[in-house]
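# Structure, please.
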Amino acid sequence: MGSEGPQVVTVHVTGFKKFHGVSENPTETIVRNLKEYMEKKGLPKGLVLGSCNVLETAGEGALPSLYEIFESAVTDQDNQYLPSRQVIWLHLGVNSGSKRFAIENQAINEATFRCPDELGWKPQKTPIIPSDGDILQTRKTSLPVNEILKNLAAMGYDVALSDDAGRFVCNYVYYHSLRFADQQKIKSLFVHVPLFYTISEETQMKFVASLLELLASLY
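You can find the predicted model right below:
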């Protein structure tokens, strides 16, 4: 089947609920308000905003629901796999000690939680996917992170490139997402944001809107 006009990119977005030390997670607010915000702003041509889900800040115990969300992006209502599509998973997490946005280039195959997750799990030096190898293995996003960084910085955002998403739930989810994306021939990206008292909610909403538009144009 042919398509008319430019390619359409569907971006699915996730954030996280509260966790130890962060009683109000800014990514929960961003993701819950994103559809309404983008509808008011106007979606750029070629972009479809897909599902917006807020995840439990948990690793192993939350995997069934995480993969249910992943599968929903590549299957139809009858759970039949759809033909290859232009799909991006955009995951948002908070780094409460940061003063800027961070584009995460990779995830590491290690779960070492500094505190128990919201379901009480606290792994130490545990491979996230044992079949991938040891805890030094990495998976990188296939999106052009340097170009993304350059464009966002040119828009005036305080943003950096990062090779370390930590070893907590953010990295855990990102590693699973990158593996799933590789299997399904789609793409995945994780972005860390600061708390709202560091960068305001309005600026963060604008940042995510700019990032969505950029992702659609760069796919």
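# Skipping adjacent residues, who's closest to the most centrally placed residue in the chain in space?
For the chain, the residue sitting closest to the mean C-alpha position, by CA atoms, centre = their mean, is H91 at 1.2 Å. In space, and not counting its chain neighbours, H91 is closest to F190: 4.5 Å by CB to CB, 6 or more residues apart in numbering. Heads up, the C-betas are built off the backbone N, CA and C, glycines and all.
# right, and L136 touches N109 too?
Yes: counting by CB atoms under 8 Å, L136 touches N109, with 7.3 Å between them.
# who's more crowded, the two?
Neighbours per residue, other CB atoms under 10 Å: of L136 and N109, the larger number sits with N109, 22 against 9.
# ok, for that one, nearest residue in space, not its chain neighbours?
Q137 (4.0 Å).
# What's the per-residue pLDDT of that neighbour here?
Looking at Q137, its pLDDT is 97.
# Can you report how many residues neighbour it?
15.
# can I assume it is in contact with A107?
No: with contact defined as CB under 8 Å, Q137 does not count as touching A107 (9.7 Å).
# which residue ranges form the helices in the chain?
Residue ranges of the helices in the chain, as given by DSSP state H, are 26-41, 63-72, 145-154, 169-184, 201-218.
# just checking, what packs against the worst-scoring helix or strand of the chain on mean pLDDT?
When each helix and strand of the chain is scored by mean pLDDT, DSSP states H and E, helix 63-72 comes last, with a mean of 92. For helix 63-72, the contact count by 3 or more CB pairs under 8 Å, 6 or more residues apart in numbering; DSSP states H and E identifies strand 47-55, helix 169-184 as packing neighbours.
# Mean pLDDT, mean neighbour count and distance to E201 for these - can I get that in TSV?
Below are the helices and strands packed on helix 63-72 laid out as TSV (pLDDT from 0 to 100; neighbours: other CB atoms under 10 Å; distance: least, CB to CB, whole Å):
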stretch	mean pLDDT	mean neighbour count	distance to E201
strand 47-55	95	18	16
helix 169-184	97	22	20
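# who wins for proximity to I103 among those?
helix 169-184 (11.7 Å; CB to CB).
# got the angle between that closest one and strand 47-55?
130 degrees (axes from the mean of the first three to the mean of the last three CA atoms, to 10 degrees).
# contacting residues around V208?
By CB atoms under 8 Å, 6 or more residues apart in numbering, the residues touching V208 are 13, 30, 34, 92.
# And for I103?
145, 148-149, 152, 159-162, 189, 191 are the contacts of I103 under CB under 8 Å, 6+ apart.
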